[in-house]
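>>> what would the 3D arrangement of this be:
(chains A and B, ligands or ions: 2)
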Amino acid sequence: MEYFLQQLINGITLGSVYALIALGYTMVYGIIQLINFAHGEFFAAGGYVGVIFMSYLLSQGAPAWVCLSGSLILAMAYCAMLAVAVEKVAYKPLRNSSRLSVLLSALGMSIFLQNGLMLTQGVYDKAYPTELTQGGFEMGNVMLSYMQLFIVSLTAFLLVALNVLVFKTRIGKAMRSTAQDKVMSALVGINANRTISITFAIGAALAAAAGIMVGLYYGSVRYDMGFVPGIKAFAAAVLGGIGNITGAMIGGFIIGMVEIFAAGYISGEYKDVFAFVILIAVLYFRPSGIMGENVDDTRV
Amino acid sequence: MSEPILELRDIKAGYGSIKALKGINIKVYEGEIVSIIGANGAGKSTTLMTICNIVQATSGDIFYKGERINNIVSDKLPKMGLCQVPEGRRIFPRLTIEENLDMGAFFRNDKEIEDDKERVFGMFPILRERCKQAGGTLSGGEQQMLAIGRALMSRPKVLLLDEPSLGLAPLIVKQIFSIIKEINSLGTTIILVEQNAKVALSMANRGYVLETGNVVMEDEAKALLNNPDIQKAYLGE
Ligand SMILES: Nc1ncnc2c1ncn2[C@@H]1O[C@H](COP(=O)(O)OP(=O)(O)OP(=O)(O)O)[C@@H](O)[C@H]1O
Ligand SMILES: [Mg+2]
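Ligands and ions are numbered 1, 2, ... in the order given. Reported below is the predicted structural model:
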């Protein structure tokens, strides 16, 4: 039982990360039907901006909460701007081209950004100042670290904030209507390009937050860290029903849970496989994902 | 007469190699209902989409209130008072009825939006009953009412309507057309694209007949109604 609880906590933690990354895939897909293969690189870039700034603040003697929130805000802002630039350079000029061209452009962007990170930051792991979130609560043999608490509560906050943004605000309405009908949105006065930029920015900011979380969780970041979590988060978005915001959140938590429980109860070596086994199984029975076309009111 | 509020001068437009408009001239004066009739594929919808710059004119000029608007991006036009209810209504299917109406007032931030919404609900009481329901769940006639309501939320000076009667039962058509008349009588200039030429011409001041991208006839609506050629080709007589 204790073991189960421990795995549950770990699963929720990892699921938080996947959920945050999956949202970027799903929102961008929802608005321009593009699978943004470069999205994992925003996550990696966020992890790097986070560690660089966090270490700097720490060396200046800043208190832990300043280090954490300062680097978080900076990483999110940086990745938001990066994503807006990527969209302008690599996707916008192809707005009226075939979907395959845009997809290839996204792949190219992914390679470009990853190599950029490698050239500027080196090929070795960069260590995170984990002392910031050391310690935790122990209940018997179950451990809830401060870091996990930080990850889960920050994720909860971001998910609520995102829902308010998308479903309650003006800009959220613009995003949803642009996703549903770009011509009609223009006819009511919505600037589609601006709305698409904002969507990229939001998705990348969430990925950046996830990058910092992973850095803290595993203790380090690496230039190619975007690839595997990126693929898994993409699987999560598809699992939830791509384009659907609630679906991406649910999908993220499911993939995180499955991975942790599979590693804990079945095999650590094959943990990465199980996420995809679940994905295939769900898609076999529900091709449009858990929250696909039938439960459609939270598609962007 | 004074200057037209909207004028198309020798407008050519198309889709790639397809030439949908081959140099059309249309004038619309303030307060009028102008009807554009024509067969399938004549270029009626393209005309409206070109006015709104969704389709770019390849040559010619479009003037609105004396200003050349060819290069004004589509999403700036609603604020200038130019508003379209496109063919097929294009309700946002996953927004609620109320959100759809709010979208019509997207560019506004004045205090009277709620009053205008009440006005629309007064015109179309069914929309009030269903206001929390997704737009996509409405029937065709209800969607047309919503589309018109959404357009009214932007307080248009000139309203472009593309086949508002399409696919609707005669009773609903009657209702929609009487609302259009009412909107016009409250001061909105209207361009009415219709296949239902009889009804359209009987409520319009003037009419244009489009054939394969050309205006082949323009006249007072009454004169068109009495024209034997028009009767044969468009009024089924
Ligand atoms: N998106 C498009 N791409 C290519 N060709 C198009 C497109 N839209 C319209 N056309 C072509 O342009 C011409 C004019 O079409 P348009 O839709 O303006 O006609 P319409 O008069 O509105 O017809 P209908 O009464 O059927 O609505 C047609 O030949 C049509 O095939
Ligand atoms: Mg048409």
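>>> going by neighbour count, list what's buried in the helix or strand harbouring A:Tyr3.
A:Tyr3 is part of helix A:2-32, with elements assigned from DSSP states H and E. Buried residues in helix A:2-32, counted by 16 or more other C-beta atoms under 10 Å in any protein chain shown: A:6-7, A:9-32. Bear in mind the C-beta positions are built from the backbone N, C-alpha and C, glycine included.
>>> packing partners of it?
helix A:39-59, strand A:142-145, helix A:146-168, helix A:170-180, helix A:192-218, helix A:227-240, helix A:245-261 (3 or more C-beta pairs under 8 Å, 6 or more residues apart in numbering or on different chains; DSSP states H and E).
>>> helix A:192-218 and the first one, what's the angle between them?
The directions of helix A:39-59 and helix A:192-218 differ by 60 degrees, with axes from the mean of the first three to the mean of the last three C-alpha atoms, to 10 degrees as the criterion.
>>> for residue 98, phi and psi?
Using chain A here. Dihedral pair for A:Ser98: phi -70, psi 160, per degrees, to the nearest 10.
>>> chain B is the one I meant
phi -60, psi -40.
>>> excluding its backbone neighbours, what's nearest it?
B:Cys131 (4.4 Å; C-beta to C-beta, 6 or more residues apart in numbering or on different chains).
>>> and A:Gln180, how far from chain B?
The gap separating A:Gln180 from chain B is 5 Å, by C-beta to the nearest C-beta, to the nearest Å.
>>> next: A:Gly108.
With distances taken as C-beta to the nearest C-beta, A:Gly108 is found 27 Å from chain B.
>>> just the closest residue of chain B to ligand 2, please.
Per C-beta to the ion, B:Ser45 is where chain B lies closest to ligand 2, at 3.1 Å.
>>> burial of that residue, as a residue count?
If you count neighbours by other C-beta atoms under 10 Å in any protein chain shown, B:Ser45 ends up with 21.
>>> which SSE is it in?
Assessed by DSSP H and E, B:Ser45 sits inside helix B:44-51.
>>> now the one residue in chain A that gets nearest to ligand 2, nearest residue through space, not along the chain?
Residue nearest to ligand 2 within chain A: A:Val183 (13.6 Å; C-beta to the ion). Distances taken as C-beta to C-beta, 6+ apart place B:Ile54 nearest to A:Val183, at 5.7 Å, with adjacent residues excluded.
>>> and that neighbour, which of the three is it?
coil (DSSP: H, G, I helix; E, B strand; the rest coil).
>>> list phi and psi for it.
Torsion angles, degrees, to the nearest 10, at B:Ile54: phi -80, psi -40.
>>> in contact with it, which residues?
If you count contacts by C-beta atoms under 8 Å, 6 or more residues apart in numbering or on different chains, B:Ile54 has them with A:Val183, A:Ala186, A:Leu187, B:Ser74.
>>> any of those residues buried? List them.
A:Ala186, A:Leu187, B:Ser74.
>>> which of these fall in helices?
Of the buried ones among the contacts of B:Ile54, the ones assigned to helices by DSSP state H are A:Ala186, A:Leu187.
>>> a markdown table for the buried ones among the contacts of B:Ile54, including distance to B:Gly41?
As requested, these are exported to a markdown table (distance: C-beta to C-beta, whole Å):
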| residue | distance to B:Gly41 |
| --- | --- |
| A:Ala186 | 24 |
| A:Leu187 | 22 |
| B:Ser74 | 23 |
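>>> what is the nearest of the buried ones among the contacts of B:Ile54 to A:Leu216?
Nearest to A:Leu216 out of those is A:Ala186 (C-beta to C-beta; 42.7 Å).
>>> number of nearby residues for residue 41?
I'll assume chain A. A:Glu41: 32 surrounding residues under other C-beta under 10 Å.
>>> switch to chain B, that's the one I care about
B:Gly41 has 13 neighbouring residues, counting by other C-beta under 10 Å.
>>> which ones are touching the closest residue in space to B:Leu138 that isn't next to it in sequence?
Leaving aside its sequence neighbours, B:Leu138 sits nearest to B:Leu146 (C-beta to C-beta, 6+ apart; 6.2 Å). By C-beta under 8 Å, 6+ apart, the residues touching B:Leu146 are B:Arg89, B:Ile91, B:Ile97, B:Asn100, B:Leu101, B:Phe124, B:Leu127, B:Gly135, B:Leu138.
>>> give me every residue that touches whatever residue of the stretch 151-300 of chain A ends up closest to ligand 1.
Here the stretch 151-300 of chain A gets closest to ligand 1 at one residue, A:Val183, 10.2 Å apart by C-beta to the nearest ligand atom. A:Val183 makes contact with B:Ile54, B:Pro86, B:Arg90, according to C-beta under 8 Å, 6+ apart.
>>> could you confirm whether the helix or strand hosting B:Lys22 reaches chain A?
For B:Lys22, the host element (DSSP H and E) is strand B:18-28. No. Strand B:18-28 stays out of contact with chain A when judged by C-beta under 8 Å from any C-beta of the partner chain, the minimum separation being 15.8 Å.
>>> does any part of that strand sit near ligand 1?
Yes. Contact between strand B:18-28 and ligand 1, assessed by C-beta under 6 Å from any ligand atom, occurs at B:Ile18, B:Ala20.
>>> centroid residue for chain B?
Closest to where the C-alpha atoms of chain B average out (C-alpha atoms, centre = their mean) is B:Leu161, at 1.6 Å.
>>> right, and that residue touches B:Ile190 too?
Yes. Proximity of B:Leu161 to B:Ile190 meets the contact threshold set by C-beta atoms under 8 Å, at 6.5 Å.
>>> shared neighbours of those two, anything?
B:Ile180.
>>> which parts of the strand or helix carrying B:Gln231 are buried?
In the assignment (DSSP H and E), B:Gln231 maps to helix B:228-234. Within helix B:228-234, the residues that count as buried by 16+ other C-beta under 10 Å are B:Ile230, B:Ala233, B:Tyr234.
>>> quick check: residues of chain B near ligand 2?
Residues of chain B found near ligand 2 (C-beta under 5 Å from the ion) are B:Lys44, B:Ser45, B:Glu87.
>>> so who does the last one touch?
Each residue near B:Glu87 by C-beta under 8 Å, 6+ apart is listed here: B:Ser45, B:Asp162, B:Glu163, B:Leu166, B:Val193.
>>> Three-state assignment for it, please.
Classified using three-state DSSP, B:Glu87 is coil.
>>> please convert the contacts of B:Leu146 to a markdown table, extending it with secondary structure.
Formatted as a markdown table, those follow (three-state DSSP):
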| residue | secondary structure |
| --- | --- |
| B:Arg89 | coil |
| B:Ile91 | coil |
| B:Ile97 | helix |
| B:Asn100 | helix |
| B:Leu101 | helix |
| B:Phe124 | coil |
| B:Leu127 | helix |
| B:Gly135 | helix |
| B:Leu138 | coil |
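>>> so which of these comes closest to ligand 1?
B:Arg89 (13.0 Å).
>>> quick check: that closest one touching B:Gln144?
Yes. Using C-beta under 8 Å, B:Arg89 and B:Gln144 qualify as a contacting pair, with a distance of 5.6 Å.
>>> who does the nearest residue to A:Ile9 once chain neighbours are set aside bridge with?
Leaving aside its sequence neighbours, A:Ile9 sits nearest to A:Leu144 (C-beta to C-beta, 6+ apart; 5.7 Å). Beta-bridge pairing of A:Leu144 under DSSP bridges involves A:Phe137.
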